[in-house]
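K.L.:
quick one, structure for this:
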Amino acid sequence: MRIRFGYVSQALSLWDASSSKTITFTNWRKLGKEERIPRLVEIAKVNIRNTKRAVLYNIAHEMELYRLSSSIVPLATHPEVNWNYLSDLLEDLQDLGDYIKAYKLRVSFHPNQFTLFTSDRSEVTLNAVRDMEYHFNLLNAMGIADESLLNIHVGGAYGNKLEAIKRFNENIKLLPTSIKNRMTLENDDKTYTLTETLAVCTDHKIPLLFDYHHHMANPCEKSLEEILPEVFQTWEHFGLIPKVHISSPKNEKQFRHHSDFVSLEFIMPFLTLAKSIGTDFDIMIEAKEKDRAALKLVEDISSIRGVKRVSGGSVFWK
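P.N.:
Numbering: from 1, shown residues only. All right, here's what the predicted structure looks like:
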């Protein structure tokens, strides 16, 4: 069984490498009209350059997983900005995509918590569609849309999960098929449990991106031993091996908060269970120390008997 590791957005080991630099709409509007679009282009190009720095860092460290920042293009979906960002940034995005393709990196986006399809307000749903289109457009411009994914949560419950899921089933129809085909859904730490998320995924043939920390904070009625094989099976049609999110609690009182690094002791029950299933899978590290946490976890897991480190960012477990 092979496990590959990655991290989210910014390589902290690099100096001044944020790929989420931005400007508020209020400050943008204060600029002269002739300055507005050039300022957005300038910021976006810095973000793309810093993303490329992280990609090159990942290539050097043989980490094949990476989550792109959703904030690469500032104000891209703001209705009053109306910026043709794809035209202005196409060459930069294509260059970034060339590196990702050349080294076969598995990349993804995780649109924010406001991108949801369970609301009874049409404007919320339309904003969710617009946001998903923005993320897909970036992947498409990079030439990697067919190998990447867009991960979101089912959404809010609004006091009635059954009614909310019914709205999800209707609202998701507004999403273009090409985008829905790159979607995954993740179980929540407070709202939709693993079984509830799995039911939605099964109905829509959407892969379930399992979050172990969320599951421990918001367990379902089934045992993980019973349900994890079903979770992995949702990926069979997708063309990519299963992917999971891993983090550990900051402390007992702040259980849902992510710690700086990942506790091997906390995740060991999951790893042992996954080993018994034997399916190759990928791990996205959601820890505050990002790349440092990912590399440390690779080292920690490599110390387990029967585990061999086969690259900078992957292990093989006999």
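K.L.:
doesn't residue 310 make contact with residue 62?
P.N.:
No. Counting by Cβ atoms under 8 Å, residue 62 does not reach residue 310; the two are 9.2 Å apart. From N, CA and C alone the C-beta is placed, and that goes for glycine too.
K.L.:
longest strand in this structure, by number of residues?
P.N.:
In the chain, with assignment by DSSP state E, the single longest strand is strand 2-8.
K.L.:
for the chain, which segments count as strands?
P.N.:
For the chain, the strands defined by DSSP E cover 2-8, 65-67, 106-109, 149-153, 183-186, 208-211, 243-246, 281-285, 307-311, 314-317.
K.L.:
could you identify which of the ones you listed is most buried?
P.N.:
The highest mean neighbour count among the strands of the chain, using mean count of other Cβ atoms under 10 Å, belongs to strand 208-211: a mean of 26.
K.L.:
and that strand, what does it pack against?
P.N.:
strand 183-186, helix 194-204, helix 224-233, strand 243-246 (3 or more Cβ pairs under 8 Å, 6 or more residues apart in numbering; DSSP states H and E).
K.L.:
can you pull the contacts of the closest residue to residue 16 other than its chain neighbours?
P.N.:
Closest residue in space to residue 16, ignoring its immediate chain neighbours: residue 50 at 8.0 Å, by Cβ to Cβ, 6 or more residues apart in numbering. By Cβ atoms under 8 Å, 6 or more residues apart in numbering, the contact set of residue 50 is 10, 14, 16-19, 21.
K.L.:
ok and the longest strand of the chain relative to strand 281-285, angle-wise?
P.N.:
Going by axes from the mean of the first three to the mean of the last three Cα atoms, to 10 degrees, strand 2-8 is angled at 30 degrees with respect to strand 281-285.
K.L.:
partner strands of strand 2-8 and their direction?
P.N.:
Counting by DSSP bridges, the strands paired with strand 2-8 are strand 65-67 (parallel), strand 281-285 (parallel), strand 314-317 (antiparallel).
K.L.:
can you pull the contacts of the most centrally placed residue in the chain?
P.N.:
Centroid-nearest residue in the chain, with Cα atoms, centre = their mean: residue 110, separated by 3.7 Å. Counting by Cβ under 8 Å, 6+ apart, residue 110 makes contact with 8, 67, 70, 150-152.
K.L.:
at 10 Å what do you get?
P.N.:
Residue 110 is in contact with 8-9, 67-70, 135, 149-153, 184, 186, 209, 245, 284, 286, counting by Cβ atoms under 10 Å, 6 or more residues apart in numbering.
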